[in-house]
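Peer 1: Sharing a model that was predicted from the sequence below.
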Amino acid sequence: MKRKNVTVQTIVNAPIEQVWKCWIEPKHIEQWNAASDDWHTPKAVNDVREGGRFVYTMAAKDGSVSFDFNGTFEEIIESKKIITRLDDDRRVWVTFEERDHSVQVVETFEIEDENTEELQRSGWQAILDNFKKYVESL
């Protein structure tokens, strides 16, 4: 069964080196990877290499619920592109395109069947917006 793809994007006003580092380093991921203020990522593990694994523990700040968002890196072109396969077999493509004094980050993901497309789109966009806000605050 072919899954539908959804794309979210942002422009980060920072150098590509900083954007890339904040995207892949666990200490940074733990600061921005949440769709709302009542969620956070208390732990991130990232083995950034083709065949490497990632596990981001996402949790409600009140401790009521948590889950692991995990998968495998399929392709990495430093500061340009990351392709991953989530453990539920969905794929995610992220590209980083340098502009004059900024970086356009485009993230395309295959939707899952439990939540509406709009809920998924808004959640992924909110996380990407948090990424932008975090990187630009450094």
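Peer 2: It's in.

Peer 1: same for the longest strand seen in the chain, what does it pack against?
Peer 2: With DSSP state E setting the assignment, residue counts place strand 66-77 as the longest strand in the chain. In terms of contacts (3 or more Cβ pairs under 8 Å, 6 or more residues apart in numbering; DSSP states H and E), strand 66-77 is packed against strand 53-60, strand 81-86. C-beta: built from backbone N, CA, C; applies to glycine.

Peer 1: what's the closest of the ones you listed to Ile127?
Peer 2: Distance to Ile127, taken as Cβ to Cβ, is lowest for strand 53-60 among the helices and strands packed on strand 66-77, at 9.5 Å.

Peer 1: got the buried residues for the closest one?
Peer 2: Going by neighbour count (16 or more other Cβ atoms under 10 Å), the buried part of strand 53-60 is Phe54, Tyr56, Thr57, Met58, Ala59.

Peer 1: That strand relative to strand 66-77, how many degrees between them?
Peer 2: Between the direction of strand 53-60 and that of strand 66-77, the angle (axes from the mean of the first three to the mean of the last three Cα atoms, to 10 degrees) works out to 140 degrees.

Peer 1: Would you reformat the helices and strands packed on strand 66-77 as a markdown table and include mean pLDDT and distance to Val106?
Peer 2: Supplementary listing: the helices and strands packed on strand 66-77 in a markdown table, determined by pLDDT from 0 to 100; distance: least, Cβ to Cβ, whole Å:
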| stretch | mean pLDDT | distance to Val106 |
| --- | --- | --- |
| strand 53-60 | 97 | 19 |
| strand 81-86 | 98 | 10 |
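
Peer 1: which one of the ones you listed lies closest to Asp38?
Peer 2: Closest approach to Asp38 among the helices and strands packed on strand 66-77 is made by strand 53-60 (6.2 Å; Cβ to Cβ).

Peer 1: by contact count, what packs against the closest one?
Peer 2: Contact partners of strand 53-60 among helices and strands, from 3+ Cβ pairs under 8 Å, 6+ apart: strand 39-46, strand 66-77.

Peer 1: And the first one, what does it pack against?
Peer 2: Helices and strands touching strand 39-46, as assessed by 3+ Cβ pairs under 8 Å, 6+ apart, comprise helix 26-32, strand 53-60.

Peer 1: Perfect, that will be all.
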